[in-house]
Structures are given as C-alpha cells and as structure tokens.
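Engineer: Sequence first, then the predicted structure:
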Amino acid sequence: MKIVFVASEATPFIKTGGLGDVIGSLPEALKKEKQECIVILPNYQDLKSLETIEFITSFDVWVGWRKQYCGIFKTQLSGVTFYFIDNQQYFQRSGVYGYDDDYERFAYFDIAALELIGHLQIQPDIIHLHDWQTAMISVLYKEKYKQFQYYENIKIIFTIHNIAYQGKANPMLIDDMFGLSRELYENGNLEHDSCFNMMKSAIVYSDIISTVSPTYAKEILTLEYGEGLEGVLRLRENDIYGIINGINIAEIYSKTNINIVENYNRRNFYNKKRINKVALQKEGHLPVNESPCIGMVTRLTWQKGIDLVINQISEIMKLNIQLIILGTGDYDYEQTLLHLQNQYPTKLSFQQKYDEGLAQRIYASCDMFLMPSLFEPCGLSQMMAMHYGTIPIVRETGGLKDSVDTYNEIEKTGTGFGFRNYNAHEMMNIIKMALQVYNNDKPIWKKLMSSTMKVDFSWKQSAKQYLQLYKR
Ligand code: ADP
C-alpha cells in the first residue's frame, strides 16, 4: 500500500510537540510492515538534518487568485521518502506557527501538497492528514481533485492530535484562498458556530477519522472534551477510531542515549539513575541531596494542568521534594514560574527553554514525572519517562489513562499513580501517596520502576492498527 502523510511537522526535521514525534516515527514503523510511505512537509527555514536534500522540480500553484511558486525538495530517511514544499514568502521565517498569515501559509501548503501528488504521479492509496493545518486537503480532494487522473480512488484518513486547535477562520477564506465555492459554507459542510472551521470540515469529508488514544476517541464525543465538535463527531461515530501513539525507542533508547550522563537498563537502573539525578540537580542549580525529584517537560498552556501545580505550589514546596520544570509557552505561566523559582530556589528549578537533551535528562534522572493534564489526547512525555523507570503521576484522562496502569494499593502493583478529577487537592493526595511509597517501601518502588520500564511503547503494535484502518 502507498500512503502519503501530509503534516506540518516531523522529527528529525522539525518539531514543536507530539505531532512531530508521530510523523517522524509512524511512517518508519509502517515501512517495517512493508508499506510504502511518503511524507510531505513545508520547507521551513529551521529544518534540521538536511544533509542529503535534493531539488526535484518546481511549478506554480494557485492560492485562490494568487499565483505562487512551489519548489519541491526530496530526501530519504530510514526507507521513507520526504518531500519539502518550498516557498520563501510562506516558510522562510523562524519557527513553525504563530504568524498572522498562518491560514494562508497552510492553505498554500495544502494545495501545493495535492499538486505535488499529481505532478509526481504518486497515485497513493491513502492520504493521511493530521490536525487543522492539513484538514482542508480532505475537502479540496473530494470537491476538486478527485475527478482528475492520478487522483482516483484515494481514501482520506484524518487524525486529530488535539481537538483544541481547529483552524477557525473567516468564511471569506473558502473562496479567497482555497478557491472553493461559498456554497459549501452556506450548506453547513464547512461551517461551525458561524465560523469556517477546518477541523470540522475534515470530520465531514474524510473517509475515516482517528485520534491518538482509545480513551480520547470516546472523550471527544462528549460536551466536556469535544470543544464544540462533539455533535458532528457523534454523527460520524462509526468512523472514529482511537490508536495510541508509540515512541521512537531507537531515538531515546535508555541504554545508549548520548544525551544522558549514565546509560542504564532494567538490570542496573537503580544506581545508575542516581548518578543521572546528581547531574540533573547540578544542571538545574538545585542542591545535590536525596530528596525525591519530580520532573515536568511540557508546553506551558492551559491544557497541561500547570494551574493545578501553581495553585498548590506552597503545599508542594512544604514536601521533602525537588521539582524541575522544563517548558515554554504562555507568558503568564512563564512569569509565574520564574517568580516562584525565586521564591523557592532550593526546591524549584524552572528551565524556560526548549531543549531536547535536557528533556531526555529529566525523563531519565527524576524519580517521578508529573502530568496533571486537563485533557491529553495521547501524551508522549509520560511514555518517555516510563521508559526510563521514572514513575508517572498523571490525571487519568485520554492517553494518560490508556498508558498508565494506576497503582493498586492492595496488590502493590501498577506502572504509575493517577487521579481522576481535575482538582488540585486530588492531585496533592496522589503526589503524597507516591511519596509515601517512595519513602517507606523501597522494594515496592523498585518493582514499580521495573514494571514501568517493561511496558512496550514501541510503534509496532500501533502501526499494525493503522494498517488495519487503511485496509478498511
Ligand atoms: P504535546 O504534543 O501536547 O505537546 P506530548 O506529550 O504528546 O504533548 O509531546 C510533547 C513532546 O514535546 C515530547 O517529545 C516532549 O519531550 C517535547 N517537549 C515539550 N516541551 C519541551 C521542551 N521545553 N523542551 C524539549 N522538549 C519538549
């Protein structure tokens, strides 16, 4: 089967969050299942790892009335072909998202990706789309391209990585940028809450919709998690699937990772982890001592439960622990955490940056990893932490619920600690319970670490499930 992924980020080239990890890993895992995979990405200025890139061709594309240049570059990585769509006006700037003309940039990208598929006569069986940035390809395909040679019989799958970001725009864009009829807005196909809504459009137009964990697939059908799209999702309930993400074990393999001070495995983790912890304490300017160390690696947005941590910070700081937070994001959270770090310099280390090496050192070196998310479609950080025997403390939602087997006090088993409601006191109680086991029951703690490290988070199983979906 030939599968074309169109997405706005992919490791090792560019990443702002979990989406980048998924597009960097899933095609490779499908390749191992003997499928042909192609990935189409924008040619951002900040792309990394581009040693062998070659120019293939160029053509013009129409973004509504705008005639725009489209250059195509190509590279191969682990058996997967990557194409990069080049246009200086749209992609020669720093970073990935957050510009006023993002809708125009990704409208251009969507149209250019479909044009590329025709120009290079790729004739895929499946086009796999990801989040709002590529959602409109489903509409463009069904309303325009499907009738032309090289585009016949393609099936479209749309994966929701995070329903909070929907691409809500002015309906003017429908004809002005996508060159589609406004009738599609008037008849409700592209309209939601008096807005043009790209994610809703893909839910209407795609053959299959998937999301990144079984629990999130159920949650988004509800008022609490659907972000307003629960109604349209329920209409397509029979076409919605939840497949949990994996992690790229080769990239972070705890035995060989060059980013961490002392590599370890399931047999020697206990002492080696302590060596890493000392190094992390030094790096985070925290006193080197035996206090349990709790880590967080996160985008600083309302989704991630930072409010619960800030709300309880004076209580948390009374505990005999250290807390190290790596993250960037909303200005208010950054400022509050900087302020709190000044207030508690020996217990709280806030690393305000994006640093993949430090992220790995936190996963590998802390004793516990905190992820109290309000909602979490899948979450990869907890899996990476668990891979290193760092015990997760999570809110039981979305992929956190699916990936962490919460501690059973009677049997003394599990792979982490969980609390159910988005409530600061519940979170505190669970942190205290984890500390209690850590401090008073070392053999059980070691057993938990060992069970956590044993969990198979590789992409193999998930890739097989995607393959089933494609076949369907
Ligand atoms: P989301 O996609 O919602 O941000 P995930 O847990 O699915 O959350 O994925 C987050 C990814 O981004 C992980 O690979 C994590 O290590 C990485 N990450 C998040 N913040 C940072 C940061 N400040 N520095 C380095 N890596 C980060």
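Structural biologist: Ah, there it is.
Engineer: Tell me where the model's unsure across the stretch 351-472 of the chain.
Structural biologist: Applying pLDDT under 70 to the stretch 351-472 of the chain flags no residue at all.
Engineer: So which bits of it are right by the ligand?
Structural biologist: Neighbours of the ligand within the stretch 351-472 of the chain, by Cβ under 6 Å from any ligand atom: Tyr354, Asp355, Glu356, Ala359, Cys378, Gly379, Leu380, Ser381. (Each C-beta comes from the backbone N, C-alpha and C, glycine too.)
Engineer: farthest pair in those?
Structural biologist: Asp355 and Cys378 (22.1 Å; Cβ to Cβ).
Engineer: Looking at those two, which is more packed in?
Structural biologist: Taking neighbours as other Cβ atoms under 10 Å, Asp355 and Cys378 compare with Cys378 leading, 27 against 14.
Engineer: can you tell me which residues contact the more buried one?
Structural biologist: Counting by Cβ atoms under 8 Å, 6 or more residues apart in numbering, Cys378 touches Gly18, His161, Val212, Ser213, Tyr216, Ile244, Asn245, Gly398, Gly399, Asp402, Ser403.
Engineer: rewinding a little: which ChimeraX command selects the buried ones in the residues of the stretch 351-472 of the chain next to the ligand?
Structural biologist: To isolate the buried members of these in ChimeraX, using 16 or more other Cβ atoms under 10 Å:
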select :359,378,379,380,381
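Engineer: Narrow the residues of the stretch 351-472 of the chain next to the ligand to those in strands?
Structural biologist: Using DSSP state E, no member of those falls within strands.
Engineer: Give me the below-cutoff pLDDT ranges for this structure.
Structural biologist: For the chain, applying pLDDT under 70 flags no range at all.
Engineer: tell me which parts of it are close to the ligand?
Structural biologist: In this structure, the chain approaches the ligand at residues 17-18, 21, 297-299, 326-328, 354-356, 359, 378-381, judged by Cβ under 6 Å from any ligand atom.
Engineer: mind listing the helices for the stretch 51-200 of the chain?
Structural biologist: Here the stretch 51-200 of the chain has its helices, by DSSP state H, counting those that start in this stretch, at 88-91, 102-119, 131-135, 137-143, 172-176, 183-186, 198-205.
Engineer: related to what we said a few turns ago, identify, from the residues of the stretch 351-472 of the chain next to the ligand, the entry nearest to Lys146.
Structural biologist: Distance to Lys146 across these (Cβ to Cβ) is lowest for Cys378, with 30.9 Å.
Engineer: How many residues are close by Met317?
Structural biologist: Counted with other Cβ under 10 Å, Met317 comes out at 16.
Engineer: residues touching it, list them.
Structural biologist: Met317 sits next to Leu323, Tyr344, Lys347, Leu348 when contact means Cβ under 8 Å, 6+ apart.
Engineer: Centre of the chain to the host helix or strand of the first one, how far?
Structural biologist: Translated: Leu323. Assigned by DSSP states H and E, Leu323 belongs to strand 322-329. Mean C-alpha position of strand 322-329 versus that of the full chain (Cα atoms, centre = their mean, to the nearest Å) differs by 18 Å.
Engineer: Other residues contacting the helix or strand just after it?
Structural biologist: Downstream of strand 322-329, the next assigned helix or strand under DSSP H and E is helix 331-343. With Cβ under 8 Å, 6+ apart as the test, helix 331-343 has contacts from Leu300, Thr301, Ile306, Ile310, Ile313, Ile325, Gly327, Thr328, Leu348, Ser349, Phe350, Gln352.
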